[in-house]
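Enquirer: model the following, please.
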Amino acid sequence: MPKEEQEKKKPGIVRRIFKWIGLGLLTVLIILGLVFQAPWKVTTLLAIILLACTILPKQLRKWFWLSVGVVVIALVVWVFLPEADGEWRPYTFDEELAALEAKRAVPNSENAARIYNELLEIPFPDGNEPKFFVRSSPSTKSGPWLSKDHPKMGEWLEEQEGIIQKLMEASKIEECRFPMAADSVKLSETMDRLVPMRQWAYLLISAANNDIAEGRTEEGFQKYIAVLQMSKHLHQQPTNLDMIVGIAIEALALGQFNRFAVTGDATEERLIVIEEALAKTKHDWTSDLARILEGEKLLTKNILYSTAYEINPKGKIRLSRDPTAAMRRQFPEERPPLAYWQRKLIKASTVLSWFYIPSTPQKAAEFIDAVYERLHAMAEPDFDWKKEPQKFPMTRLRANYRYLTKHIADMSGKAFYRIHDLYLRVTTDKKGSRLIIALRRYKNRKGRWPESLDDIKSLAPAEIFVDPFNNGSFVYKLTDDSFILYSRGKNNIDEKGWYKDGADDWPIWPHKSRKTKEKKADAEQQ
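Expert: Prediction:
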């Protein structure tokens, strides 16, 4: 073959090699798209290109690629076309929010949130000062204290009298409805609210402990009850955060009642007051979880889809030209407006987003609805909490929006396992508090603590003797001058008792921190 003909064939061979490499890559991408369940728009586009390069007659292929070029040019022109700013905002599910808010609405005069919101406008002093308030050991929440022993604390407490009276006013109201944390801005406001509310609980306990030490027992009891009421108010909110902080605040109040019932002047009349206060703090996991799932589902939708879609005042919806708009609403100083080229690049990226993101937020929301429908199984009485939550299935990775949404929403489901443990713990603590009341009644009548829980069977309902964590019994042991009462926890094992190192049990009485128990165990070993 002449050298000239070989030189002519070389470009043809190279083109054919690149052509088959390209067709092979397209085929591999289509197969991968089917295996990993890529969006149908992506798979369809790849299939069209493959068919155009193989089946479409050669005389028509140039028109196909010409059409592709025209579309690309039109998209480039569209990217640089000017748009009216300020008309569009991140999409949120406002109708769903309105329906939920209407369902939980109460008159403003019957809403304790009104008073809490007024208090939020008043800057609360530094929680570290005075030292005796919370951070020191002991502190005002450790037990009764006299103003003469801590004059600075007494003076500081008098300065907070206005806040205390407002909190007492809020405690007289049964219902509490804060605005739902339905987007990132409201979620941030919720977090900002919970910090001072916990400080207010400490304030009430501090004032109550001072009242009791100085003989104002009834006033002290009313403040303890106000702390319990604050926890009830938080339990009425449809967020995980409110429930967790509500549980923590309830545990604070239970601890004060336990201490008084064991070491204070716990007459029958005062035991009845404690008993009635505890009876009013009722929890039902099924209804509580259902309420929280509604709020968490809406929050998940708004956070996810406010970056994907936007809406104008006329109700027109489109893919978002500014995914950071929601963040800028929350942090305007940290998120300056986008520069010109940033806006154009984001607008160009919406072309790719069209292939991946569902065409409407309503279709996208159906994915989350399905995931949260499964989470409602956690509210059923027969749900198996011993079974560990499923881990992220990396071996079943799917390249579609449904899978991403499911993974993000499933993270909320995993959090409920920990929340359920906290829920059981406060329920167990509450039963333990009622047992302590029965134990104190026995002591008031007999002059000594009972030998076992069997001695108080007639003084309390049968259900409070059952540990919610393991459906077993509580552990009760006499000491030299008092007793210890604790739960065996989830493992229902009591090998070394209360101070077992690393056990998941904990004391109901007396209260000791995990660190204290570890120190105790180390001291015994030495």
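Enquirer: flag the shaky bits of the stretch 401-526 of the chain, pLDDT-wise.
Expert: Within the stretch 401-526 of the chain, the segments meeting pLDDT under 70 span 409, 494-506, 511-526.
Enquirer: for the chain, that is, sorry about that
Expert: The chain contains residues with pLDDT under 70 at 1-12, 18, 84-86, 125-128, 326-335, 389-399, 409, 494-506, 511-526.
Enquirer: from Val466, how far out is Thr428?
Expert: The spacing between Thr428 and Val466, counted by C-beta to C-beta, to the nearest Å, is 10 Å. For every residue, glycine as well, the C-beta is placed using N, CA and C.
Enquirer: how about Ile484?
Expert: Taken as C-beta to C-beta, the spacing of Ile484 relative to Val466 amounts to 19 Å.
Enquirer: who has more neighbours out of these two?
Expert: The neighbour count for Ile484 versus Val466, taken as other C-beta atoms under 10 Å, is higher for Ile484 (17 against 14).
Enquirer: ok now the biggest helix by length in the chain, how far from the chain's centre?
Expert: When every helix of the chain is counted residue by residue (DSSP state H), the longest turns out to be helix 401-446. What separates the centre of helix 401-446 from the centre of its chain is 15 Å, taken as C-alpha atoms, centre = their mean, to the nearest Å.
Enquirer: who does whichever helix or strand comes after it pair up with?
Expert: Scanning the chain past helix 401-446 towards its C-terminal end, the next helix or strand to appear is strand 475-478 (assignment: DSSP states H and E). Each strand paired with strand 475-478, and its direction, by DSSP bridges: strand 483-487 (antiparallel).
Enquirer: got a list of contacts for the helix or strand just after the strand it pairs with?
Expert: Scanning forward in sequence from strand 483-487, with DSSP H and E defining helices and strands, the next element found is strand 506-509. Residues from elsewhere that reach strand 506-509 (C-beta atoms under 8 Å, 6 or more residues apart in numbering): 258, 262, 425, 428-429, 432-433, 435-436, 474, 483-487, 489, 498, 514, 517.
Enquirer: and those, which are buried?
Expert: Neighbour-count burial within those applies to 258, 262, 425, 428-429, 432-433, 435-436, 474, 483-487, 489, 498, 517; the criterion is 16 or more other C-beta atoms under 10 Å.
Enquirer: got a list of what the residue nearest to the spatial centre of the chain touches?
Expert: Among the residues of the chain, the smallest C-alpha distance to the mean C-alpha position (C-alpha atoms, centre = their mean) belongs to Asn240, namely 3.3 Å. Asn240 sits next to Ile292, Glu296, Ser412, Ala415, Phe416, Ile419 when contact means C-beta under 8 Å, 6+ apart.
Enquirer: filter those to the buried ones?
Expert: Judged by neighbour count, with 16+ other C-beta under 10 Å as the criterion, the buried members of these are Ile292, Glu296, Ser412, Phe416, Ile419.
Enquirer: ok, now which ones touch the residue lying closest to the fourth one once chain neighbours are set aside?
Expert: Just to be clear, that refers to Phe416. If the residues on either side of it in the chain are set aside, Phe416 comes closest to Met378, at 5.5 Å by C-beta to C-beta, 6 or more residues apart in numbering. Contacts for Met378 were tallied using C-beta under 8 Å, 6+ apart; they are Leu289, Gly413, Phe416, His420.
Enquirer: let me see the backbone angles for Met378.
Expert: Dihedral angles phi and psi of Met378 (degrees, to the nearest 10) take the values phi -70, psi -20.
Enquirer: circling back to that earlier point, in the buried ones among the contacts of Asn240, find the pair that's most separated.
Expert: Across those, the two members that end up farthest from each other (C-beta to C-beta) are Glu296 and Ile419, 10.8 Å apart.
Enquirer: from Ser353, how far out is Ile73?
Expert: Counting by C-beta to C-beta, the separation of Ile73 from Ser353 is 20 Å.
Enquirer: okay, the two: which has more neighbours?
Expert: Neighbour totals were compared for Ile73 and Ser353, and Ser353 leads with 15 against 10 (other C-beta under 10 Å).
Enquirer: tell me who's in contact with that one.
Expert: Listed by C-beta under 8 Å, 6+ apart, the contact set of Ser353 reads Ala308, Leu319.
Enquirer: how about 7 Å then?
Expert: Neighbour list for Ser353: Leu319 [criterion: C-beta atoms under 7 Å, 6 or more residues apart in numbering].
Enquirer: I'd like to know how far it sits from Ile303.
Expert: For Ser353, the distance to Ile303 (C-beta to C-beta) stands at 17 Å.
Enquirer: now swap in Pro461 and tell me
Expert: Summarising the geometry, the distance separating Pro461 from Ile303, computed by C-beta to C-beta, is 44 Å.
Enquirer: now swap in Pro238 and tell me
Expert: From Pro238 to Ile303 the distance is 15 Å (C-beta to C-beta).
Enquirer: then His233?
Expert: Separation of His233 from Ile303 (C-beta to C-beta): 25 Å.
Enquirer: neighbour count winner among these two?
Expert: Neighbours were counted for His233 and for Ile303 using other C-beta under 10 Å; His233 has more, 25 against 17.
Enquirer: only C-alpha atoms, please: export the helix or strand hosting the more buried one in CSV.
Expert: Assigned by DSSP H and E, His233 belongs to helix 217-235. Taking Å, rounded to 0.1, in the frame of the first residue of the first chain, the C-alpha atoms of helix 217-235 are listed here in CSV:
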residue,chain,number,x,y,z
THR,A,217,-42.5,26.1,101.8
GLU,A,218,-45.7,26.7,100.0
GLU,A,219,-44.1,29.4,97.8
GLY,A,220,-41.2,27.1,97.1
PHE,A,221,-43.6,24.3,96.1
GLN,A,222,-45.4,26.6,93.7
LYS,A,223,-42.1,27.5,92.0
TYR,A,224,-41.2,23.8,91.7
ILE,A,225,-44.6,23.2,90.1
ALA,A,226,-44.0,26.1,87.7
VAL,A,227,-40.8,24.3,86.5
LEU,A,228,-42.9,21.2,85.8
GLN,A,229,-45.4,23.4,84.0
MET,A,230,-42.6,24.8,81.8
SER,A,231,-41.6,21.3,80.9
LYS,A,232,-45.2,20.6,79.9
HIS,A,233,-45.3,23.7,77.8
LEU,A,234,-42.2,22.5,75.9
HIS,A,235,-43.7,19.1,75.4
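Enquirer: which strands and helices sit next to it?
Expert: Contacts of helix 217-235 with other secondary structure elements, assessed using 3 or more C-beta pairs under 7 Å, 6 or more residues apart in numbering; DSSP states H and E, are made with helix 161-171, helix 184-213, helix 240-263, helix 268-279.
Enquirer: for that helix, which positions count as buried?
Expert: Of the residues in helix 217-235, those buried by neighbour count under the rule 16+ other C-beta under 10 Å are 217, 220-235.
Enquirer: roughly how far does the closest residue to Ala208 other than its chain neighbours sit from Glu95?
Expert: Distances taken as C-beta to C-beta, 6+ apart put Lys223 closest to Ala208, at 3.6 Å, once the chain neighbours are dropped. Distance, Lys223 to Glu95, using C-beta to C-beta: 42 Å.
Enquirer: which neighbouring elements make contact with the longest helix of the chain?
Expert: When contacts are defined as 3+ C-beta pairs under 7 Å, 6+ apart, helix 401-446 sits against helix 240-263, helix 268-279, helix 285-305, helix 361-375, strand 483-487, strand 506-509.
Enquirer: same thing but at 6 Å, please
Expert: Applying 3 or more C-beta pairs under 6 Å, 6 or more residues apart in numbering; DSSP states H and E, one finds that helix 401-446 contacts helix 240-263, helix 268-279, helix 361-375.
Enquirer: all set now, cheers.
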